[in-house]
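[1] Just need the structure, nothing else, for what follows:
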Amino acid sequence: VQLVESGGGSVEAGGSLRLSCSATGYTASSINMAWFRQAPGKEREGVATIWDSGRTDYAESVKGRFTISLGTTANTVALQMNMLKPEDTAMYFCAADRLPLRLHQTTWDYWGSGTQVTVS
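    Now for the predicted structure:
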C-alpha cells in the first residue's frame, strides 16, 4: 500500500490550499483516512479524519476552516484548507487504516511521506 500526497505549498495568511491523497494497492473492504500534521519541534497531531461510514472528525484548531472529503476515485481523500494561519505551517501526512481510528491515535496502518504547507 502506498499513500501519495499532493497539493502542498506556500500561501499567505488567510489563503487556501487543497491537499489530496491517493492510496494505491489498498485491497481491504473498508478504508478510513485521515490527515495529520507535524511542525518542527512538535509532535504529530491529528487534523481531520473521514471514516468508512462517512462520518468526519476535526481537531478543534481547524474546525470551521478545514474540510475533509472523499475523492471522486476510490481510496482518495482531500483536505480543503481555508483561512490558513501561520500556525498551520507543518508537514501534512495522509494516513489510512482498515479500522476507524481516532485523531489522537497515531497507530494508523499506512502513512504517506508528507507534503509541506507553509503559511506566512
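[2] quick one, what contacts the residue sitting nearest the centre point of the chain?
    For the chain, the residue nearest the mean C-alpha position is Trp35 (1.9 Å; CA atoms, centre = their mean). By CB atoms under 8 Å, 6 or more residues apart in numbering, the contact list for Trp35 reads 19, 21, 46-49, 68, 77, 79, 92-95. Quick note: C-beta positions are derived from backbone N, CA and C, even for glycine.
[3] What of Glu87?
    By CB under 8 Å, 6+ apart, the contact set of Glu87 is 61, 119.
[4] Gln116 now?
    Contacts of Gln116 (CB under 8 Å, 6+ apart): 8-9, 90-92.
[5] Counting neighbours, which of those end up buried?
    In those, burial by neighbour count holds for 8, 90-92, counting by 16 or more other CB atoms under 10 Å.
[6] Which of the contacts of Trp35 fall in strands?
    19, 21, 46-49, 68, 77, 79, 92-95 (DSSP state E).
[7] From those, pick the one nearest Leu3.
    Distance to Leu3, by CB to CB, is smallest for Cys94 among those, at 4.8 Å.
[8] can you count the residues close to the closest one?
    The number of residues packed near Cys94 is 28, by other CB atoms under 10 Å.
[9] Please point out which parts of the helix or strand containing the residue nearest to the centre of the chain sit buried.
    Using DSSP states H and E, Trp35 sits within strand 32-38. Buried positions in strand 32-38, judged by neighbour count with 16+ other CB under 10 Å: 32-37.
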